[in-house]
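In: Structure, please.
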Amino acid sequence: MRDLIAIVALAFAAVYSYAEYRGVNLVDVPGVVNVDDKPPVPGDGFHVLIIEETEDRNQLTGEQSGTIFGAPFRTWMKNVGADFRVWDKDVNAARESEWFRKALDVTRQSTPWLIVSNGKRGFSGPLPTTEAGIKAKIQEFAP
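Out: Numbers count the residues shown, from 1 in each chain. So this is what the prediction gives:
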């Protein structure tokens, strides 16, 4: 019986570690939308919006901060063809495109929040905690 418990615990630890590495949240988070049949915000093109609370920026993980504000990530976003923004949740988006204005109004339970759409499919949920997780989630919907 002890061996069975050890094997189950080891399997759980392996799954959890892999999920964390990929930036997947294994906890059920209300408001998370990850649908294949429709994007969280309608519209053509490949868009990525990260919504944050600038007053809480010190609560981002080092990897989140280094990734979303780093030049290499912005270059990567350009190379995958994304129209990309990082905004405070209270930004005045009146002069931005309709897609970004609508994305800012998407229901979210926390910050930082990631919204990705390719016009056909998309994701709306908490920003993954690792660079690999952030890139994997965005790449999942890249054209």
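In: Same question for Val86, what's its three-state structure.
Out: State at Val86, reduced to three classes by DSSP: H, G, I helix; E, B strand; the rest coil: strand.
In: Give the closest residue to it in space, chain neighbours not counted.
Out: Ile50 (4.5 Å; CB to CB, 6 or more residues apart in numbering). (Glycine included, C-beta is placed from N, CA and C.)
In: State the helix or strand in which the one you found lies.
Out: strand 47-52 (DSSP states H and E).
In: Can you list the neighbours in contact with that strand?
Out: Applying CB atoms under 8 Å, 6 or more residues apart in numbering, the contact partners of strand 47-52 are 41, 60, 68, 77, 82-89, 99-100, 103-104, 108, 111-117, 127, 138.
In: Buried among these? Make that a PyMOL selection.
Out: Entered in PyMOL, the line below selects the buried ones among the contacts of strand 47-52, by 16 or more other CB atoms under 10 Å:
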select buried, resi 41+60+68+77+82+83+84+85+86+87+99+100+103+104+108+111+112+113+114+115+116+117+127+138
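In: Contact partners for Gln64?
Out: So Gln64 contacts Pro112, Leu127, Pro128, Thr129, Thr130, Ile134 (CB under 8 Å, 6+ apart).
In: farthest pair in these?
Out: Greatest spatial distance among these (CB to CB): Pro112 and Thr130, at 12.9 Å.
In: Is Phe46 in contact with Lys120, as I believe?
Out: No: taking CB atoms under 8 Å as the definition, Phe46 is not a contact partner of Lys120, at 10.3 Å.
In: For burial, what's the neighbour tally of the residue nearest to Val86?
Out: Using other CB atoms under 10 Å, Ile50 has 21 other residues around it.
In: Show me what it bridges to in the sheet.
Out: Val86, Leu114 (DSSP bridges).
In: how close does it get to Ala136?
Out: 15 Å (CB to CB, to the nearest Å).
In: ditto for Asp88
Out: 25 Å.
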